[in-house]
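A.B. asks: got a predicted structure here, sequence first:
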Amino acid sequence: MGLAPPRAAAFLTRELTIIVAANIAGRCISRFGERPVLLAGVTVFALGRRRLPQLAAHEASLARILPGTVLIGIGAGFAWSGPPSP
């Protein structure tokens with residue numbers, strides 16, 4: 001894909017965070033219901049998306065990119081997880 005190492009690491013971290021967050025979200029849905037978990041996921045996702053555009057191209061180090069991508073991963077994992085199977 002031609003990505004620089006910090007950006008590639010950020011994408012991989014986001015994907016792994018989605019997997020972990022979706023597993024946790026399934027348990028949270030059983031406990032709190034779908035609506036609060038979905039709302040929390042969308043809110044965290046929006047915070048992560050708000051963080052990334054504030055970075056300039058010359059500031060795109062892993063330490064600057066990682067917090068936003070982790071927030072996006074957590075939010076996506078919570079927002080995209082469905083109700084648990086019976």
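C.D. replies: All right, it came through fine. The structure presented is a predicted model; accordingly, all values stated were derived computationally and were not measured. Numbers count the residues shown, from 1 in each chain.
A.B. asks: contacting residues for the most centrally placed residue in the chain?
C.D. replies: Against the mean C-alpha coordinate of the chain, by C-alpha atoms, centre = their mean, the closest residue is residue 73 at 1.4 Å. Residue 73 makes contact with 13, 14, 15, 16, 17, 18, 21, 48 under the criterion C-beta atoms under 8 Å, 6 or more residues apart in numbering. Backbone N, C-alpha and C define where each C-beta goes, glycine included.
A.B. asks: ranking these by neighbours, who comes first?
C.D. replies: Most neighbours among these, by other C-beta atoms under 10 Å: residue 21, with 23 neighbours.
A.B. asks: model confidence for that one, exactly?
C.D. replies: At residue 21, the model reports a pLDDT of 95.
A.B. asks: likewise residue 64?
C.D. replies: At residue 64, pLDDT is 78.
A.B. asks: now do it against residue 9, distance only.
C.D. replies: The spacing between residue 64 and residue 9, counted by C-beta to C-beta, to the nearest Å, is 12 Å.
A.B. asks: also residue 21?
C.D. replies: Relative to residue 9, residue 21 is positioned 18 Å away (C-beta to C-beta).
A.B. asks: by contact count, what packs against the longest helix along the chain?
C.D. replies: The helix that spans the most residues within the chain, counting by DSSP state H, is helix 5-32. Applying 3 or more C-beta pairs under 8 Å, 6 or more residues apart in numbering; DSSP states H and E, we find helix 5-32 packed against helix 34-51, helix 62-80.
A.B. asks: for these, give me CSV that also has distance to residue 27.
C.D. replies: Formatted as CSV, these follow (distance: least, C-beta to C-beta, whole Å):
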stretch, distance to residue 27
helix 34-51, 10
helix 62-80, 11
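A.B. asks: pick the most buried one from those helices.
C.D. replies: Mean neighbours per residue, mean count of other C-beta atoms under 10 Å, is largest over those for helix 62-80, with a mean of 20.
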